[in-house]
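>>> what's the 3D shape of this:
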Amino acid sequence: MAHPASCDWSGAAGVNPDVTPHNPQALLSVTYHGHQKVQPGQVMLVKDTQIQPTLDWPLQPAQQPNTNALYTIVMCDPDAPSRADPKYRCWLHWLVVNVVHPSSIGEGYEITPHYQGPAPPPKTGLHRYCFLVYKQSGVFDVSKLAKVAENKRGGWQLKDFLKDHAATIPDGPPIAGNYFQAQNETQ
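Residues are numbered from 1 along each chain as shown. As a prediction, this is how the structure comes out:
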């Protein structure tokens, strides 16, 4: 799969700095329903994003010989409850660690109870839904990771997660990312 060298999320998109201070190194392929590929910034219908998408990203070699590279996947909404009042930035929709390959995400360890599709409140305008993939420098000891409860998804902080786990996810840009926009269709 061809990926651009980098993704510029600054400017009008505002994903950089609202979610991450770094632009992703490559475009993450996000596909809903097996055929609906997400283009960066595309406006999508909420009903079309409720089932966990398939993801694909450029694989990178492991740092240690005879080991697989591992990845962390994050999906969050920096515009909760609205872009004008993001007091619950970043609403955590999905967080999976220790993923070996894009085709084996289900074998990774989900820190969130499950993928949560977008559910922007009425009259809050467009929300950005951001996907990021980080290459891990080691294995997360899942016995020491607390699951994120349903009522704790709002206000989750990517920067705090990365800081708390700097030994496993080195500082720097995500290796891949993508985002789409959606709003409550009863506006």
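>>> CA atoms for contacts and neighbours, from now on please.
Fine.
>>> Residue 96 is in what secondary structure piece?
Assigned by DSSP states H and E, residue 96 belongs to strand 91-99.
>>> can you pull out the helices in the chain?
Secondary structure of the chain by DSSP state H: the helices cover 15-18, 158-164.
>>> and among those helices, the most buried is which?
helix 15-18 (a mean of 17; mean count of other Cα atoms under 10 Å).
>>> Contacts for it next, please.
9, 10, 22, 23, 78, 130 (Cα atoms under 8 Å, 6 or more residues apart in numbering).
>>> Would you mind telling me which of the helices of the chain is nearest residue 121?
helix 15-18 (19.7 Å; Cα to Cα).
>>> quick check: mean pLDDT across the closest one?
Helix 15-18 carries an average pLDDT of 85.
>>> Save the helices of the chain as JSON lines, and put in distance to residue 47 too.
What follows is these, written out as JSON lines (distance: least, Cα to Cα, whole Å):
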{"stretch": "helix 15-18", "distance to residue 47": "23"}
{"stretch": "helix 158-164", "distance to residue 47": "26"}
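>>> quick one: low-confidence parts of the protein?
1-8, 10-12, 62-67, 187 (pLDDT under 70).
>>> mind listing the strands in it by residue range?
Ranges of strands within the chain are 29-32, 36-37, 42-43, 54-56, 70-77, 91-99, 109-110, 127-136, 176-182, based on DSSP state E.
>>> Pipe those into TSV and attach mean neighbour count and distance to residue 117 per row.
Output for those, formatted as TSV (neighbours: other Cα atoms under 10 Å; distance: least, Cα to Cα, whole Å):
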stretch	mean neighbour count	distance to residue 117
strand 29-32	20	11
strand 36-37	14	15
strand 42-43	15	15
strand 54-56	17	13
strand 70-77	25	10
strand 91-99	23	7
strand 109-110	20	15
strand 127-136	24	10
strand 176-182	24	11
